[in-house]
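>>> Here is my input, please return the structure:
(one chain, ligands or ions: 1)
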Amino acid sequence: MDYPGHWQRRHLLGLEGVSATEIITLLDAAVEFRRILDEPGRKRPLLAGKTCANLFFENSTRTRLSFGLAARRLGADVVDFSAAGSSVSKGETLIDTARNIEAMGIDAVIVRHSCPGSPKLLSENLRCCVLNAGDGPHEHPTQALLDILTIRQRLGDVKGLTVALIGDIAHSRTARSNIQGLQTLGANVIVCGPSTLVSAEWEKFGVEVSYSLDAILDRADVFNLLRIQFERQVVRPFPSIREYAYLYGMNAERLARCKKDVLILAPGPINRGLELTPDVADGSHSAILDQVSNGVAVRMAALWLCLGCASRVAPDPARHDVEARHDDESA
Ligand code: NCD
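As a prediction, this is how the structure comes out:
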């Protein structure tokens, strides 16, 4: 595969400010990687000799495993860090922890942290590439990219499509990155959920706000059913889980009122019976497991592009720092 010369980012911190050309470049590379993943060999050693570190300070199943698999499928080595059992409990800061890991010869750090902005902080304090695997309620760029890739594969160009994000918009990094990426590519976005979780302020950013799932069922091409982020909430935003499911859960009866080819997405983990019923999760409109498969391909593309960009920077350390700063300013 030829490296696309116009990819200029060493870091993937979020989708805010990422152009349509850059998103399409990454998605096109992901399509190619998805094809490779479906071949018997499943590997392309394009990142042989590189080492990636997974730095996860929050729980993860899909994101962590798929970043690890993506790196290995590209021939890179992977080291895994979990906050539990590390020296973080002894008072070590995030920057010191990351600098120590980087000192072992790391080329890319993949970070998940509850604090918004922590990947950016690391990008300013490390020399290696930094990829955001979710920073609190802020951004989760690779999740949005795999969502968009899945939409493109099932429904074609996202331009002009209406994508509804349902649920906990207030605390969802998946929502924020989806809004950025989808709007950049020309999709219409509706956010829908209880008013305690969906701020009318979103209208200022060109997003339609709705408080009734029933009212938008026949208008959206895609429903992305977000998990209620109980772990980020201080006060419970609705009286009971049953009430939420009654008003905002996707079920067979609601699905029957949607467009004929409607696509059902969910970032996972799903809570069957809450955001959606099992028959919808496992039904023919659902692309939930396809999203997971696409996640590996999207993360291969992200690592390949960011690490490829970094290795085009001159190896001289002094120059490296200057160019790195320049990259950060332009990124
Ligand atoms: C999402 C996350 O962690 O933000 N999950 C994921 O990465 N697959 C969504 C969620 O946890 O609800």
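
>>> give the contact list for the nearest residue to A287 once chain neighbours are set aside.
Once flanking residues are discounted, A287 sits nearest to T150: 5.1 Å by Cβ to Cβ, 6 or more residues apart in numbering. Where you see a C-beta, it was placed from the backbone N, CA and C, and this is true even at glycine. Contacts were defined as Cβ atoms under 8 Å, 6 or more residues apart in numbering; by that measure T150 touches L263, L265, A287, D290, Q291, N294.

>>> near the ligand, which residues of this structure?
Counting by Cβ under 6 Å from any ligand atom, the chain comes close to the ligand at R62, T63, G134, H140, Q143, R173, T174, R227, P267, G268.

>>> hang on, the first one packs against V296?
No - the pair R62 and V296 fails to qualify as a contact (Cβ atoms under 8 Å) at a distance of 9.5 Å.

>>> The strand or helix carrying G295 - what's its average pLDDT?
Element membership for G295, per DSSP states H and E: helix 288-311. The average pLDDT within helix 288-311 is 96.

>>> That helix: how far from the chain's middle?
Averaging C-alpha positions (Cα atoms, centre = their mean, to the nearest Å) puts helix 288-311 10 Å from its chain's average.

>>> pull the CA atoms of it into PDB?
Taking C-alpha atoms only, helix 288-311 is exported to PDB below (Å, rounded to 0.1, in the frame of the first residue of the first chain):
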ATOM      1  CA  ILE A 288     -23.200  -4.200  15.700                       C
ATOM      2  CA  LEU A 289     -20.700  -7.100  15.200                       C
ATOM      3  CA  ASP A 290     -19.700  -5.700  11.800                       C
ATOM      4  CA  GLN A 291     -18.800  -2.500  13.700                       C
ATOM      5  CA  VAL A 292     -16.400  -4.500  15.800                       C
ATOM      6  CA  SER A 293     -14.800  -6.100  12.800                       C
ATOM      7  CA  ASN A 294     -14.400  -2.700  11.200                       C
ATOM      8  CA  GLY A 295     -12.800  -1.500  14.400                       C
ATOM      9  CA  VAL A 296      -9.700  -3.600  13.800                       C
ATOM     10  CA  ALA A 297      -9.400  -2.200  10.200                       C
ATOM     11  CA  VAL A 298      -9.900   1.400  11.300                       C
ATOM     12  CA  ARG A 299      -7.300   1.100  14.000                       C
ATOM     13  CA  MET A 300      -4.800  -0.500  11.600                       C
ATOM     14  CA  ALA A 301      -5.400   2.500   9.300                       C
ATOM     15  CA  ALA A 302      -5.000   5.000  12.200                       C
ATOM     16  CA  LEU A 303      -1.700   3.400  13.400                       C
ATOM     17  CA  TRP A 304      -0.300   3.100   9.900                       C
ATOM     18  CA  LEU A 305      -1.000   6.700   9.000                       C
ATOM     19  CA  CYS A 306       0.200   8.200  12.300                       C
ATOM     20  CA  LEU A 307       3.300   6.100  12.600                       C
ATOM     21  CA  GLY A 308       4.000   6.500   8.900                       C
ATOM     22  CA  CYS A 309       3.800  10.300   9.300                       C
ATOM     23  CA  ALA A 310       6.200  10.100  12.300                       C
ATOM     24  CA  SER A 311       8.800   8.100  10.500                       C
END
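
>>> Show me which of R62 and V296 is the more surrounded one.
V296 (24 against 16; other Cβ atoms under 10 Å).

>>> For A70, see how far away the more buried one is.
5 Å (Cβ to Cβ, to the nearest Å).

>>> Among the residues of the chain next to the ligand, which ones are in helices?
Within the residues of the chain next to the ligand, residues falling in helices by DSSP state H are R62, T63, Q143, R173, T174.

>>> Next, count neighbours for the closest residue to the second one other than its chain neighbours.
On the basis of Cβ to Cβ, 6+ apart, the spatially nearest residue to T63 that is not a chain neighbour turns out to be A133, at 5.0 Å. Using other Cβ under 10 Å, A133 has 26 other residues around it.

>>> quick one: contacts for A133?
Going by Cβ under 8 Å, 6+ apart, the list of residues near A133 reads N54, F56, S60, T63, R64, F67, I110, V111, R112, H140, T142.
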